[in-house]
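Colleague: Got a sequence here, can you model it:
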Amino acid sequence: MTYCVGMMLEKGLVLMSDTRTNSGVDNISTFRKMFHWEVPGERIITLMTAGNLATTQAVISQLEERNKAPDQRQNSLLEAPTMFQVAVEVGRLLRATIQSSQAGNGMEGEGRFTASMILAGQIKGMQPRMFMLYPEGNFIEASWDTPFFQIGETKYGRPILLRGYESDMDFEDAVKLLMVSFDSTLKANLSVGMPLDLMVIARDSFVPLHEKRIDKDDPYFLSISSRWGDSLKEAVHALPDYRFEA
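Modeller: Modelled structure (predicted):
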């Protein structure tokens with residue numbers, strides 16, 4: 001399992017993913033789930049993945065092949081005219097990869113090879129946009145009514161985002177909020193694990209404003225985890241006392 005979050009702010013986009021992949025408790029590995037491509041001054045595109053690892057790696061490898069050289073850029077993310085068209089192409093590729101894997105293993109209709117993705121970025125002259133792509137290849141777009149997407153193990157970190165998100169918050173506060181969301185998920189589910197990958201994309205910059213891998217010994221993350229736990233306990237004690245009626 002995994003946990004990835006994409007958040008849309010007035011200032012830009014904030015993205016975070018874990019790196020744990022497991023096939024049982026005795027087979028745990030670390031794989032990157034966040035990938036990005038950029039043309040400085042023109043576009044930046046980021047993709048986060050969850051689901052079957054072979055499926056997501058196949059999709060990423062095909063995208064890399066398309067993007068790596070000008071003469072091989074048929075349906076390249078670096079040439080699509082809009083982020084919507086990027087989402088269409090990635091969705092088509094995801095669906096085709098899943099169908100090919102299922103057919104090759106005689107497993108049509110089964111869900112073993114499924115995956116989902118969060119696509120985010122901006123092309124010059126247009127607004128930053130973010131999409132959630134489903135295994136069938138269709139997708140939905142983020143809006144100010146639905147300003148963040150989660151894929152993977154979503155339930156433990158979602159209440160934090162619902163209560164803490166504000167569209168006009170600073171990047172620093174957004175990162176803090178995501179760290180609390182991930183800390184809550186890490187505490188509750190062993191299938192999500194460190195290190196975490198973080199990317200901040202400022203509106204109209206087309207290169208990452210901030211990019212970092214956060215490992216288990218990161219002093220800031222440890223501080224957030226500890227102080228959030230202490231703050232929760234203090235908040236519970238500060239609530240009105242419950243009285244048993246005689």
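Colleague: Pass me the low-pLDDT residue ranges in the chain, would you?
Modeller: For the chain, applying pLDDT under 70 flags the ranges 22-27, 69-75, 104-111, 246.
Colleague: Start from the N-terminal end of it and give the helices.
Modeller: Using DSSP state H, the helices of the chain run over 53-67, 83-104, 158-164, 171-188, 219-238.
Colleague: can you give me the angle the second one makes with helix 53-67?
Modeller: With axes from the mean of the first three to the mean of the last three Cα atoms, to 10 degrees applied, the angle from helix 83-104 to helix 53-67 works out at 130 degrees.
Colleague: Tell me which residues of helix 83-104 come out buried.
Modeller: 83, 86-91, 93-95, 97-98, 101-102 (16 or more other Cβ atoms under 10 Å). Glycine gets a C-beta too; all of them are placed from N, C-alpha and C.
Colleague: how about the closest residue to S167 other than its chain neighbours, what does it touch?
Modeller: Once flanking residues are discounted, S167 sits nearest to E10: 5.4 Å by Cβ to Cβ, 6 or more residues apart in numbering. By Cβ atoms under 8 Å, 6 or more residues apart in numbering, the residues touching E10 are S167, D168, R203.
Colleague: What of S101?
Modeller: N52, A54, T55, A58, F113.
Colleague: picking up where we left off before, distance to D215 added to the buried residues of helix 83-104, as TSV?
Modeller: TSV is the format used below for the buried residues of helix 83-104 (distance: Cβ to Cβ, whole Å):
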residue	distance to D215
M83	31
V86	31
A87	32
V88	36
E89	34
V90	29
G91	33
L93	31
L94	30
R95	35
T97	31
I98	32
S101	32
Q102	36
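Colleague: which one among those gets closest to S223?
Modeller: The shortest approach to S223 among the buried residues of helix 83-104 belongs to M83, at 35.6 Å (Cβ to Cβ).
Colleague: Settle this for me: that closest one is touching R129, isn't it.
Modeller: Yes - using Cβ atoms under 8 Å, M83 is in contact with R129, at 4.1 Å.
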